Structure formats: C-alpha cells, structure tokens
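Visitor: predicted model and sequence below, questions to follow.
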Amino acid sequence: MRELIRQHLIENGFEHVYEPTVVTTADEPPYLILQKGLQDGPSGHTSDKTTIIVYPCVKNLTFNALDSQAQDIVEALDFQWLVKDGKPYFVQYVNAEQDTFVEDWQVYTKGLNFEVVALDWIDNKTTDPDPIEALNDWTNFQFDYLQTDPQSWQPTNKSPGLYWRLERITRSEHTAWGAWLDVQIKGHLVMPDRVHRSRVLKDLAQTLAWQKEILMRDQSTLFFEQAITVDNGADMISQGQVTLPCRYGVLYREDHDKLHEINFGGVVIDR
C-alpha cells in the first residue's frame, strides 16, 4: 500500500519519498516520509481500509514552506483512484496533525492522514437480463456528463462517477414462464463537492421518479416498483446514497429459447 502511494507521489513530482527506517539526519530536506497507520477490515461494501500518514519535512525556515508542501501533497493524493495488481484503491484526505519542529532533524513537519480504501465493486456483472447494464445505459443517455465505468473513470465535480450495484434480491415470485425478481439496487454518486453532489442526486431522483420503468437489452422491462430514496449523508464509497427498488422478469432458459421460435405444424421457424 505504501509503495503504491509512494510511486504516485514520485510521478507527481516529489523526488524524495522515504519510509521511516530509510531516511537519516544526513538526508537534505525537503523530503517526504510515509508511515502506515491503522488498518480496518471490511466495512459496508468496501474491503480493507488503511490509513497512510505522509510527513512533509522542510528546512527550519518557516511554517509557510511546510503549508505549501502539505497543500501540494493533498492535491496530488486526495480523491485519487489508484490501481495495483488489477485492484482499485480510493485515496481520500482526512486531516492534518499539528505542526512540529523536530530539533534532532532540524525540520518542520506534520502528519497528513489519508484513507486508502480497497474497492470490491468494480466487477458487478449480474445474470442476463442485467438490470445494472440497463441502468448504466439509461444513465449514459440521460446524464451524458456522468461516468459509469469505474475501471476507467476519474470522478470530478464536472464529471462525477455513478456506480450502480445489485445489493440484494428481496423477493421472488415464480410463474409458469419463469419468475419475477424484486431487487434493491444501490447507486454510488462519487464526486468531491458535497453541495454539488446534493444537486446531482436531486436531479437523478427526479428523473428516475418520472421514468418509472426502462427497457433492458433483451427488450424486457425493468420496473421501478417503489419510491426511490436518496441519502446525501451516506458514505459514497462504502454505502451509496441512492436506493432503488426494482422488479424484472427472468424466463426459464428453455422457455426463453421457445419464445424466439414459431411452430407451424411441427415446422419450427426461428424468429
């Protein structure tokens, strides 16, 4: 984890980035020291969460130089999506510790705390017909400024990320042709600014309420069965702010094939 952060800082112009056991008093500031903090287990829809502390160290001249270095670090790391071994990580700035003068090292420094969250929701393909695929298609058509592919996105206030995922199946109803599935879908609107995020969520909720239903790629219908709920206070990574109850039908496999055939006196014609 630290190496992932270290490489990203180096790529953003910070030449000297060290681990605590490597740097010595002989090293000339400015430089950065990375320390791994607490690591939490899975929470909500996320996997591990790790605290990484970045210590910018500058010469003992002024705290202004320290503040400037700290600001550059926050701009380089905050709200970044990094990938290691095919697994995405979300980096978010939390807070800064008190300014400190280290006499032995003759440097000013302070700890900058970042949360690095391992994300498990990149691959969320469901069965065919796929309601998530349908919602992505609908989102891309209705909100062309939203990004829906977390494998390639970099969400911003101008171009937020919206990720739909199937949270649970709440009910199934068997029929002669297959089954109805009642499902709960969560939407994660990912963008830095909370005020702007609230406006986008409002527009999204209103448009969904007017829509009532959409077509999936197999031309069957995805119904929005109940009122959509939006919680702007929900964590956009681990929880998701949008809750969308839906219903759709799933055909038995053999019946699905038969519906695409016409039988005339024992002669089967494929439609």
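Guide: All right, it came through fine.

Visitor: tell me the domain ranges of this protein?
Guide: 2-119, 131-256 (automatic domain parsing).

Visitor: now the end-to-end length of the shortest one.
Guide: What it means is domain 2-119. Its first and final residues considered, domain 2-119 spans 17 Å by CA to CA, to the nearest Å.

Visitor: dump the domains of the chain to CSV, plus mean neighbour count and mean pLDDT.
Guide: For every residue, glycine as well, the C-beta is placed using N, CA and C. Listed next are those as CSV, based on neighbours: other CB atoms under 10 Å; pLDDT from 0 to 100:
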stretch, mean neighbour count, mean pLDDT
domain 2-119, 16, 89
domain 131-256, 16, 91
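
Visitor: let me know the helix or strand that Q7 is in.
Guide: When elements are assigned from DSSP states H and E, Q7 belongs to helix 2-11.

Visitor: tell me how far the longest helix seen in the chain is from the chain's mean position?
Guide: Determined from DSSP state H, the single longest helix within the chain is helix 194-211. Mean-position distance between helix 194-211 and its chain equals 18 Å (CA atoms, centre = their mean, to the nearest Å).

Visitor: identify the residues contacting that helix?
Guide: For helix 194-211, the external contacting residues (CB atoms under 8 Å, 6 or more residues apart in numbering) are 138, 142-143, 146, 157, 160, 162, 187, 189, 191, 224, 227-228, 230, 232, 236, 241-242, 244.

Visitor: now swap in stretch 130-144 and tell me
Guide: If you take CB under 8 Å, 6+ apart as the criterion, stretch 130-144 is touched by 124-126, 146, 148, 162, 164-166, 183, 185, 187, 203-204, 207, 211, 214-217, 222, 244, 246, 248.

Visitor: also stretch 88-102?
Guide: Under the contact criterion CB under 8 Å, 6+ apart, stretch 88-102 has outside partners 1, 4-5, 51-52, 57, 60, 63, 66, 70, 74, 77-83, 107-119, 122, 150-151, 237.
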